[in-house]
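**Q** give the three-dimensional model of this entry:
(2 chains)
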Amino acid sequence: MHYDLIVIGMGLSGLMAATTAAEIGKKVLIIGKGTGSLCLFSNTIDLLGVLPKGIKINDGLSQWVKDHSEHPYSKLEWERIKEALFSFTSLFPPPYSFQNIDDGNCFIPTGTGTLRPTYLIPVTMIAGTSLNKRDGLIAGFKALKDFYPNYVAAQLKCRGVTLPLPETSTPQMTSAAITRLMEKETFRDRISKEIKKHLNGETRIGLPAILGLRDPIGVKKDLEEIIGVEVFEIPMLPPSIPGMRIFNRFKEWLIQRGVTFLLGHAISKANLKGKRCEGVEVFHPPVSSSYSADSYILATGRFIGGGLVAGEQKILEAIFDLPVFQPKSREDWFGNSFFNEHPIHRAGILTDPFFRPVDEKGNLVLENVWVAGSILAHHHCFEEKSREGIEIATGYWAAKNAFQI
Amino acid sequence: MQLKTEVLIVGGGATGVGIARDLSLRGVPSVLIEKGDFASGASGRNHGLLHSGGRYAVSDPETARECIAENRILRKIAPHCIEETDGLFISLPEDDLDFQDQFLRACERAGISTTILSRDEALSLEPALNSELLSAVEVPDGAIDPFALVLENAKDAEKHGARILLHTEVTSLMVDKNRAKGIMAKDLIHGEEYSIEASHLINATGAWANRFLKLADLRIAMALSKGTMLIMNQRPNQRVIHRCRQPSDGDIIVPNHTVSILGTTSVRLEEVENFDIFPSEVSLLIRETSRLIPAIRESRLIRAYAGIRPLFQSGEKEDDRAISRGFVLIDHGSRDGLHGLITITGGKLVTYRLMAEKTGDLICQKMGMNVSCSTHLKPLPGAGERTSLLDRLKRIGRPILEERGEILCDCELVPRDEVEKFLKEEKVKDFQDILHRTRLAKGTCQGGFCVYRLLGVLHDLEGARGDSNKILKGFLEERWKGIRPILWGSSVKEEELVESIYKGIFNLTPTHPSPLEGEGKGGGAMV
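**A** Just a heads-up that it's a prediction; the model follows:
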């Protein structure tokens, strides 16, 4: 089967690239082994959390790009990043929309009770950004081992409460299971009444980010109606329910637009001829199928996603064996402290200004392949708090560039 | 507070608790103090090998004889801490078969039983072995759980009247003329300082022996030898595997619970704390042990760790492998003119009981008592319990979800109620103590998930002390020391996951204060 574009990778950058191409009427195939970091770590949209507090994002980012000329953002600059973000947010119309606060970063409480800078947040997290000492009650569930309200509350100097789960027969619940329970009216009703009993003057309730997959806003409203104060979600250990909401929305949209969606499939081989990719083979036991396209977008992520592979001495790119920018030897991959900015995380694929892969001398390696997302070199997405911003901006522009528009 | 006792033991390793048990069974009152938790030094940082003595038969016959005698005793008194695996000494084509002859004769002299196995016999017992092997010798090695052994000795000592104080440090020595009278101690959790007077002081601090003796301006000739070990994420061998050659680096593979441990190296150190594991040691261990079991090269490692062997030097020797693994009992009264002080150091985990017996004999002689040792006859308290790997797997099987609630550690299936049980014990004072007593943080993710959960449980039970994020950051740094040397292949994925959680989702940074304290890098202060 022949396509206009094959996107390899189903994380946020791959989804963004597929959406961008489908939007202009291209015939698109998206292939993913899994859902990438999106359903593990993404709760909100980070753009550049390291910027000093209070600064407007366009001023801060424009200056920052000047000081980081090799960063993926420096190939785009603010206007084009903004265009990509707009394309993302328009996929999420109200009620479950993404917002920023005063054009800058805002701070949301996390599962360890720290405050974390981020840029776009879903409306379910807004009430957490203005949390003050003692005015929040943090609530969690007895059987949910990935969120501890008293831990969070101790850091935030407010109160915590661990609620029993009366309806369940299993004493251990995953976040996904509690999310499903939250979608039941009877469960919400009981939980809200329980929380209300514990209120002692607090003006908002923090819950782990499990307010339903399909209609989180409906769940939030129901809870608020009974409890009588605002409710907000707090990001917790993976998997991320807010990340799954993002994935589900993309999937629904892409399938509606006729994009071929192959989840759970891995590329076993890429057929290269000179500087062009002629096709890919997908092995889905026991069948192997071939697909071809005019253009390809590589959005396979880093080590977790499988885009990069750490061999015993060298880091390799898994599909096209592209040159990987990396430290000289394995001994230089990591620093002495866990909290160092480890050089291995700057490793990745170098590209030209249009996101086509180049070698260290800047020579184009493949003409009809574009690279997007966290596999790109010269960023440090957890330190910079830039993961989703890089994924959205480069996914969008890799697709635009592939069709030269 | 002020304490007075007959014998004060400093050090809560196998030797210290062994002495406390020995004395308590003889009816001699004692107090043991330990600055950390039990087995914080070499007792908790070895490969858990119940030596048959085979390894030392050729080079150090006396140690070999001690090992086999103690090996037999431990199987009787501590069967629940031991897995009777047996061991194989493998000869490869590049090894000298003359050494095998020498080895067999030396084992015979030391009283270690041996069975020679052909290549095919060895491979049918241990299919993962290098198929190039020439032959193998079977010896009665085993695997031992050092921490369980230490806890059991401590429990029995306390049952018989000994008093044990953990997280308590010696700050100074009290000397009256030429006699040690006691120490000043500091409770490291509550900060209280107090004196402990005793007629006899025993320095059982292992590698820290000279650090303690410095308080009395004394010193013994001791070499510190670092041994590095690697933990695999599987258990390819069911027996202890050795290389049949002069003891060298990377020639032991010990099956232990669900994993195998690759060891060891020998690097001379000057300092007893803050040591690094070098990448070259890791490469060497993999290169050498994969000659014994080739699959090691392709396997995933989950951690590297190192312990320090305190080796007593009778003369000056350059090569630490050549220094005796035997122990030394020093009476500082006759040696240095400081009466009431004894140092016991060196030795092996397997000979801890014998070391305690000899120390007990000396104390009794000094006290003019004529009570003989009985630790070789009386089994440890839990000796009747069934604790084999299979029993453990049965116990943590299906019924758990209904009965025990959440599983805090998904790698090693540690249930929340096991943690809660330990938290109720008085001695368990911090989260590190819990990590020592359970399998938490010992699996593939090395605590990437379960330590956060443990801190959460501590908060639920109102047992949290101090700033949990500070503790969490400290743990991540400590974990890093063991992980960093083995980071390649699939371990890098695990590392990316852990960094994405703690630096990403949770925004923990070393300079990040808690939200209320003010602004940190990338963080925000709460109004």
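
**Q** pull the helix or strand with minimum mean pLDDT from chain B.
**A** Ranking every helix and strand in chain B by mean pLDDT, DSSP states H and E puts helix B:400-404 at the bottom, with a mean of 55.

**Q** ok, now which ones touch residue 290?
**A** In the absence of a named chain, this looks at chain A. A:271, A:279-282 (Cβ atoms under 8 Å, 6 or more residues apart in numbering or on different chains). For every residue, glycine as well, the C-beta is placed using N, CA and C.

**Q** that was the other one, I meant chain B.
**A** Neighbours of B:Ser290 in contact, by Cβ under 8 Å, 6+ apart: B:296-297.

**Q** can you check the one 3 residues further on too?
**A** If you count contacts by Cβ under 8 Å, 6+ apart, B:Ile293 has them with B:128-130, B:236-237, B:241, B:253.

**Q** what sits up against the helix or strand containing A:Gly218?
**A** Taking DSSP states H and E as the definition, A:Gly218 sits inside helix A:216-227. Residues from elsewhere that reach helix A:216-227 (Cβ under 8 Å, 6+ apart): A:95-96, A:122-124, A:182-183, A:185, A:188-189, A:191-193, A:195-196, A:199, A:205, A:207, A:211-212, A:230-231, A:233, A:245.

**Q** okay, the residue of the stretch 401-527 of chain B found nearest chain A: pLDDT?
**A** Of all residues in the stretch 401-527 of chain B, the one sitting closest to chain A is B:Gly456 (2.8 Å; Cβ to the nearest Cβ). As summarised for this prediction, B:Gly456 has a pLDDT of 94.

**Q** what is the burial count for the nearest residue to it once chain neighbours are set aside?
**A** Leaving out its chain neighbours, the residue that sits closest to B:Gly456 by Cβ to Cβ, 6 or more residues apart in numbering or on different chains is A:Tyr148, at 2.8 Å. Neighbourhood size, A:Tyr148 [other Cβ atoms under 10 Å in any protein chain shown]: 30.

**Q** near chain B, which residues of the stretch 51-200 of chain A show up?
**A** The stretch 51-200 of chain A has residues A:53, A:107, A:109-117, A:131-133, A:143, A:145-148, A:150-151, A:154-157, A:160, A:162, A:170-172 near chain B, with proximity defined as Cβ under 8 Å from any Cβ of the partner chain.

**Q** among the residues you listed, which are in strands?
**A** The strands, defined by DSSP state E, take in A:107, A:109, A:115-117, A:160, A:162 from those.

**Q** could you dump these to JSON lines with neighbour count and pLDDT?
**A** Output for these, formatted as JSON lines (neighbours: other Cβ atoms under 10 Å in any protein chain shown; pLDDT from 0 to 100):
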{"residue": "A:Phe107", "neighbour count": "24", "pLDDT": "95"}
{"residue": "A:Pro109", "neighbour count": "28", "pLDDT": "97"}
{"residue": "A:Leu115", "neighbour count": "27", "pLDDT": "95"}
{"residue": "A:Arg116", "neighbour count": "28", "pLDDT": "95"}
{"residue": "A:Pro117", "neighbour count": "23", "pLDDT": "96"}
{"residue": "A:Gly160", "neighbour count": "23", "pLDDT": "96"}
{"residue": "A:Thr162", "neighbour count": "18", "pLDDT": "94"}
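
**Q** of the contacts of helix A:216-227, just the buried ones, ChimeraX syntax please.
**A** Buried residues within these, as defined by 16 or more other Cβ atoms under 10 Å in any protein chain shown, are selected in ChimeraX through the command that follows:
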select /A:96,122,123,124,182,183,188,191,192,195,199,205,207,211,212,230,231,233,245
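
**Q** filter the contacts of helix A:216-227 down to just the ones in helices.
**A** Taking DSSP state H as the definition of helices, the contacts of helix A:216-227 contribute A:182, A:185, A:188-189, A:191-193, A:195-196, A:245.

**Q** returning to what we had before: quick one: which of the contacts of B:Ile293 sit in strands?
**A** Going by DSSP E, the strands hold B:241, B:253 from those.

**Q** kindly reformat the contacts of B:Ile293 as TSV containing neighbour count.
**A** Output for the contacts of B:Ile293, formatted as TSV (neighbours: other Cβ atoms under 10 Å in any protein chain shown):
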residue	neighbour count
B:Ala128	19
B:Leu129	24
B:Asn130	18
B:Pro236	20
B:Asn237	24
B:Ile241	29
B:Ile253	34
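
**Q** can I get the contacts of B:Ile293 in CSV including distance to B:Gly368 and pLDDT?
**A** Shown next, in CSV, are the contacts of B:Ile293 (distance: Cβ to Cβ, whole Å; pLDDT from 0 to 100):
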residue, distance to B:Gly368, pLDDT
B:Ala128, 57, 97
B:Leu129, 56, 98
B:Asn130, 58, 97
B:Pro236, 55, 96
B:Asn237, 51, 97
B:Ile241, 49, 98
B:Ile253, 49, 98
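
**Q** and the contacts of B:Ile293 near chain A, which?
**A** Near chain A, taking Cβ under 8 Å from any Cβ as the test, no member of those is found.

**Q** and of the contacts of B:Ile293, the nearest to B:Gly191?
**A** Ranked by distance to B:Gly191 (Cβ to Cβ), these are led by B:Ile253 at 44.6 Å.

**Q** which strand residues bridge that closest one?
**A** B:Ile241, B:Leu262 (DSSP bridges).

**Q** how far away is it from chain A?
**A** 20 Å (Cβ to the nearest Cβ, to the nearest Å).

**Q** does that residue touch B:Leu292 like I think?
**A** Yes - applying Cβ atoms under 8 Å as the test, B:Ile253 and B:Leu292 come out as touching, 6.0 Å apart.

**Q** give me the common contacts of those two.
**A** Contacts common to B:Ile253 and B:Leu292, judged by Cβ under 8 Å, 6+ apart, are B:Ile241.

**Q** centre of the chain to stretch A:19-31, how far?
**A** 20 Å (Cα atoms, centre = their mean, to the nearest Å).

**Q** check stretch A:215-233 too.
**A** On Cα atoms, centre = their mean, the centre of stretch A:215-233 falls 24 Å from the chain's centre.

**Q** need the nearest residue in space to A:Asn105, chain neighbours excluded.
**A** Nearest to A:Asn105 is A:Pro117, by Cβ to Cβ, 6+ apart, at 4.3 Å.

**Q** residues contacting the residue in the stretch 51-200 of chain A that chain B sits nearest to?
**A** Residue of the stretch 51-200 of chain A nearest chain B, by Cβ to the nearest Cβ: A:Tyr148 (2.8 Å). With contacts taken as Cβ under 8 Å, 6+ apart, A:Tyr148 has the following neighbours: A:111, A:140, A:160, A:162, B:453, B:455-457, B:459-460.

**Q** what pLDDT does B:Asp96 get?
**A** 88.

**Q** repeat for the one 10 residues further on
**A** Among the per-residue scores, B:Ala106 shows a pLDDT of 97.

**Q** do B:Gly447 as well
**A** So B:Gly447 comes in at 90 (pLDDT).

**Q** element containing the closest residue to it other than its chain neighbours, please.
**A** Excluding the flanking residues, the one nearest B:Gly447 by Cβ to Cβ, 6+ apart is B:Ala441, at 3.1 Å. Assigned by DSSP H and E, B:Ala441 belongs to no helix or strand.

**Q** and for B:Val170?
**A** With DSSP H and E as criterion, B:Val170 is part of strand B:168-176.

**Q** now the element after that strand, going C-ward?
**A** Past strand B:168-176, the next helix or strand by DSSP H and E is strand B:179-187.

**Q** and that following strand, how far out from the chain's middle?
**A** The answer for strand B:179-187 is 26 Å, by Cα atoms, centre = their mean.

**Q** run me through the strand neighbours of whichever helix or strand comes after that strand, direction for each.
**A** Next helix or strand after strand B:179-187 toward the C-terminus (DSSP H and E): strand B:193-203. Partners of strand B:193-203 in the sheet, by DSSP bridges, are strand B:2-10 (parallel), strand B:179-187 (antiparallel), strand B:341-346 (parallel).

**Q** three-state assignment of the residue of the stretch 401-527 of chain B closest to chain A?
**A** helix (DSSP: H, G, I helix; E, B strand; the rest coil).
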